[in-house]
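Chemist: no FASTA, just this:
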DNA sequence: TAATCAACCGAATGATCGGTCGGTTTTTTA
DNA sequence: TAAAAAACCGACCGATCATTCGGTTGATTA
């Protein structure tokens, strides 16, 4: 493998497992066998390495879901959302490092000042939310899904699925056994007959 | 305010907004008006500051929910879970810094080697999951909630609610308008008639 | 009032950080 | 095969890091 790819691969692991600031060029040099100077020959600076990694993450996730959509057929919208959820869980396992990187705060912090970083992140989240939304929209039309807003439900659904993945990465609980409950919850949300009106508990209906 | 409290307060903001490693003692000194030496007079080292903050976070969250339980009555389990959810959303707004700190990776990284840190985190999550589980268990008994496993459902529910809070902190989307969908999804999950058997989509039923 | 002690200060320290640079080796190209 | 280009190296640099330390101040106590 080329030194450049080795650097990107090791850096992905270090950035995701230990964090960006917590990863030193010395450590990266040691684990790749590339001299310090070599790293800066291939990349402008540390941030450039991070952006290249994030670019790979974005491309991997987008192409994975693209391929999934092209190679999988569903009977209705509900089954599509279920399939996408399962595929997401699988991907979070296969691309563990990349997903962990997306679950760290550093990318979003960098996104506040770096528009390229922000575009990568937006691209990823738009892709994920779009595919959930698409399934829901199809489901609403074919009658397999009953919800008010396709986009908002997609966001809540995504927050739930992604939240379980996160819960797993914090090694406080073994969330691996939540698969059945997660899928059941997914179906419950989508086949809901509940309205959105009867809540009278509190006046702060806006998360701030 | 005493210098010690000022240090803890400012450090909470800096650690949560910018991160642990990204916060220097120089910055902390500047923003508190306390000299570098003064900080190390009050705290053994940087990690000690972090642990003191985490201790405060744990105590605040536990006492908040303790007070909530003592001062609020519900007609049934379903309403209790709804109430707890709303209370959680409120608290995430009121204690924004503390929740952001819990949503960073550093605490969980430290927890892997520091048992005190780990105990604080476990205490927080046990408290949160317990109160969700309690509502679900009561709901199962009184018939307002229909799910298989109270604990597992509590975890999925928590993952969803907390996931929406997270989605809000990443400033990619304005998740503040998801309140209605979130509460509707909460009710849907709890009043589910769905089983957990009909999934045949994939052989990887374990998140890894 | 003398002694004690905690709060407070900021210059100094050694380690580590990201990044540079001049030079060597290897590969590609003409 | 000669020249040009790309890959690679590690000593070196200035900046920044957490932490230390000798000393001052202000309140409490004996």
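Modeler: Great, that's in hand. Since this is a predicted model, take the numbers as computed values, not measurements.
Chemist: my read: residue A:155 touches residue B:179, true?
Modeler: No: using Cβ atoms under 8 Å as the test, residue A:155 is too far from residue B:179 to be in contact (11.6 Å). Quick note: C-beta positions are derived from backbone N, CA and C, even for glycine.
Chemist: Compare the two (neighbour count), which wins?
Modeler: residue A:155 (24 against 20; other Cβ atoms under 10 Å in any protein chain shown).
Chemist: Excluding chain neighbours, give the residue nearest to that one in space.
Modeler: For residue A:155, ignoring the flanking residues on the chain, the nearest one in space by Cβ to Cβ, 6 or more residues apart in numbering or on different chains is residue B:178 at 5.8 Å.
Chemist: counting residues per helix, which one in chain A is longest?
Modeler: Ranked by residue count under DSSP state H, the longest helix found in chain A is helix A:115-142.
Chemist: Now for the residue lying closest to residue A:29 once chain neighbours are set aside, how many residues are close by?
Modeler: Of all residues not flanking residue A:29 in the chain, residue A:36 sits nearest, at 5.1 Å (Cβ to Cβ, 6+ apart). Neighbour count for residue A:36, taken as other Cβ under 10 Å: 12.
Chemist: for the one 3 residues further on, same thing?
Modeler: In terms of burial, residue A:39 registers 20 neighbours under the definition other Cβ under 10 Å.
Chemist: Surely it touches residue A:29?
Modeler: Yes: the pair formed by residue A:39 and residue A:29 meets the contact definition of Cβ under 8 Å, at 6.2 Å.
Chemist: quick one, what contacts the residue positioned nearest the centre of chain A?
Modeler: For chain A, residue A:99 is the residue whose C-alpha lies nearest the centre (Cα atoms, centre = their mean; 5.7 Å). Neighbour list for residue A:99: A:91-92, A:165 [criterion: Cβ atoms under 8 Å, 6 or more residues apart in numbering or on different chains].
Chemist: Residue A:19 in helix, strand or coil?
Modeler: Per DSSP: H, G, I helix; E, B strand; the rest coil, the secondary structure class of residue A:19 is coil.
Chemist: Which pLDDT value goes with it?
Modeler: According to the prediction, residue A:19 has pLDDT 98.
Chemist: what residues are up against it?
Modeler: By Cβ under 8 Å, 6+ apart, residue A:19 lies in contact with A:104, A:106, B:21, B:105-106, B:109.
Chemist: ok, those residues vs DNA strand D, which is closest?
Modeler: When the contacts of residue A:19 are compared for distance to DNA strand D (Cβ to the nearest atom of the strand), residue B:21 wins out at 7.0 Å.
Chemist: Give the burial count for the residue nearest to residue A:77 when sequence neighbours are not counted, as a bare number.
Modeler: What sits nearest to residue A:77 in space, not counting adjacent residues and going by Cβ to Cβ, 6+ apart, is residue A:139, at 2.3 Å. Residues near residue A:139, counting by other Cβ under 10 Å, number 25.
Chemist: picking that back up, let me know whether the residue nearest to residue A:29 touches residue A:27 as I believe.
Modeler: No: using Cβ under 8 Å as the test, residue A:36 is too far from residue A:27 to be in contact (10.9 Å).
Chemist: Check the spacing between the closest residue to DNA strand D within chain A and residue B:166 real quick.
Modeler: Closest contact between chain A and DNA strand D, by Cβ to the nearest atom of the strand, is at residue A:37 (1.6 Å). Distance of residue A:37 to residue B:166, given as Cβ to Cβ, to the nearest Å: 40 Å.
Chemist: Same drill for those two, tell me which one is more crowded.
Modeler: Higher neighbour count among residue A:37 and residue B:166: residue B:166, with 20 against 8, using other Cβ under 10 Å.
Chemist: Look up the closest residue to the more buried one, ignoring the ones flanking it.
Modeler: Residue B:166 sits nearest to residue B:103 (Cβ to Cβ, 6+ apart), 5.8 Å away.
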